[in-house]
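1. Pasting the sequence and the predicted coordinates here, then a few questions.
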Amino acid sequence: MSEQQNTITRIEQNNKTFILIGTAHVSKHSAEEVKRVIDEEKPNSVCVELDEQRYQAIMDQNRWKNTDIFKIIKEKKATLLLMNLAISSFQKRIAKQFDIKPGQEMIQGIHSAQEHDAELVLADRNIQITFSRVWGGVGVKGRMQLLTQVLAGIFSNETITEEELEKMKSQDTIDSILSEFTESFPKLKKPLIDERDQYLAEKIKTAPGEKVVAVLGAAHVPGIKKELAQNHDLDALNTVPKKSKWPKRLGWIIPIAIVGMMITTFIMNPIAGWQQLTSWLLWNGTFSAIGVFIGLGHPLTAITAFVASPFTSLSPFLAAGWFAGLVQAYIKKPQVADFEQLNEDVYTVKGFWRNKVSRILVIIVLANLGSSIGTLIAGTDVIRVFINNL
């Protein structure tokens, strides 16, 4: 049996009471509602839509002080971190508009659980597992679209009224938003929404005590209502899909083919061979260096990208942006103040470029993007010259 009033859903099941609070992640009213419900209900457990990583991020506001930018680059996590910062920048713009903290409703849930000695349950799936399942399920084209839309949020000056923010919590509006969302990315809804509904439902259902309050993004409430009656395998939902071998194979086949055509052309016509080599070096290096300059990188960083790109383009394990990022980090090493200011700087486009940390991340992405463009142009030219000399 379930009863729903506005953003509160009450469900009686198997001698337990579940109270689901549907929230907007940047709504002051949502945080107030969380406090009121927990104060009134005095639950045994409070579930929040956080995993351990995001919980630590909320509780440790000084986490950036201990960040090792060199380690991030070496572990190939620069793009992931940049995407996280881009997403948070959008939330920060809306939150600053209403003078609140992003995720304030989750913070309130944590504090209220402590006040009432309720068990705190981190109910969401690990964010990196979710990203891995999303990334592996949308294909190359979907990855480009997703990255483009996320990064476009950096440049957005969008503002909304508080009334519009509250309307986002109505079930009909949420269904409509998800419908439009899945039209652009039909494969994205399953790992991002459906699977997390199942994961969240299982964690809520198994939370200790007879009365459980769950603080959730409103988009998850309809799905969780359905999934609470089912049993779900958390181990299966936590499995990272195996990567296809074909991208790695293509990563070697294409460079080998390019090198093979160059060698063959050199044998048939040395002058044309030198033309191919020059085209490969200039197109690759120039576009990668342009990416660095767009990111306002140091001249030595641009030179590094220029030199590295023609060679890294021939290896599936290397990228020009990583070398450029390491050089930029060495020359313009971020200070503690840069990490402390990072949360505020990502609020604006100017801040992204001004902060040494985010600038390094931008340079890595732009250098890699430039290298990819240069590889496409140069590779096409190599094939053209090869065919002309057959």
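-> Thanks, I have the structure now.
2. residue ranges for the strands of this protein, please.
-> 2-5, 8-13, 16-23, 45-48, 119-122, 211-217 (DSSP state E).
3. which secondary structure elements does the second one contact?
-> Using 3 or more CB pairs under 8 Å, 6 or more residues apart in numbering; DSSP states H and E as the contact criterion, the neighbours of strand 8-13 among helices and strands are strand 2-5, strand 16-23, helix 221-227. Any C-beta I mention is one placed from the backbone N, CA and C, and that applies to glycine too.
4. Could you identify which of the ones you listed is most buried?
-> Mean neighbour count (mean count of other CB atoms under 10 Å) peaks for strand 16-23 among the helices and strands packed on strand 8-13, with a mean of 23.
5. What's the mean pLDDT across it?
-> Strand 16-23 carries an average pLDDT of 93.
6. and it, C-alpha only, in CSV?
-> Extracted C-alpha coordinates of strand 16-23, given in CSV (Å, rounded to 0.1, in the frame of the first residue of the first chain):
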residue,chain,number,x,y,z
LYS,A,16,8.2,-1.9,7.3
THR,A,17,7.4,1.7,6.5
PHE,A,18,9.3,3.5,3.8
ILE,A,19,9.1,7.3,3.4
LEU,A,20,10.5,8.5,0.1
ILE,A,21,11.3,12.2,-0.1
GLY,A,22,11.6,13.4,-3.8
THR,A,23,14.0,16.3,-3.9
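7. between the strands of the chain, which gets nearest to Gly325?
-> Gly325 sits nearest to strand 119-122 of all the strands of the chain, at 32.0 Å, using CB to CB.
8. Show residues contacting the closest one.
-> 44-48, 50-52, 55, 110, 113-114, 203-204, 207-209 (CB atoms under 8 Å, 6 or more residues apart in numbering).
9. out of these, which are inside helices?
-> Under the assignment DSSP state H, those contribute Glu52, Tyr55, Ile110, Ala113, Gln114, Lys203, Ile204 to helices.
10. Of the residues you listed, which is the most crowded?
-> Tallying neighbours with other CB atoms under 10 Å puts Ile204 at the head of the ones in helices among the contacts of strand 119-122, with 23 neighbours.
11. do you know how far it is from Leu188?
-> As judged by CB to CB, to the nearest Å, Ile204 and Leu188 stand 23 Å apart.
12. And Ile11, by the same measure?
-> Noted for Ile11: a distance of 28 Å to Leu188, by CB to CB.
13. do the same with Leu281
-> From Leu281 over to Leu188 (counting by CB to CB), the distance is 39 Å.
14. same question, Trp280
-> Between Trp280 and Leu188 the distance is 36 Å, computed by CB to CB.
15. more neighbours, those two?
-> Trp280 (24 against 18).
16. Hmm, Ile377 and the more buried one touching each other?
-> No. Counting by CB atoms under 8 Å, Ile377 is not a contact partner of Trp280; they are 9.8 Å apart.
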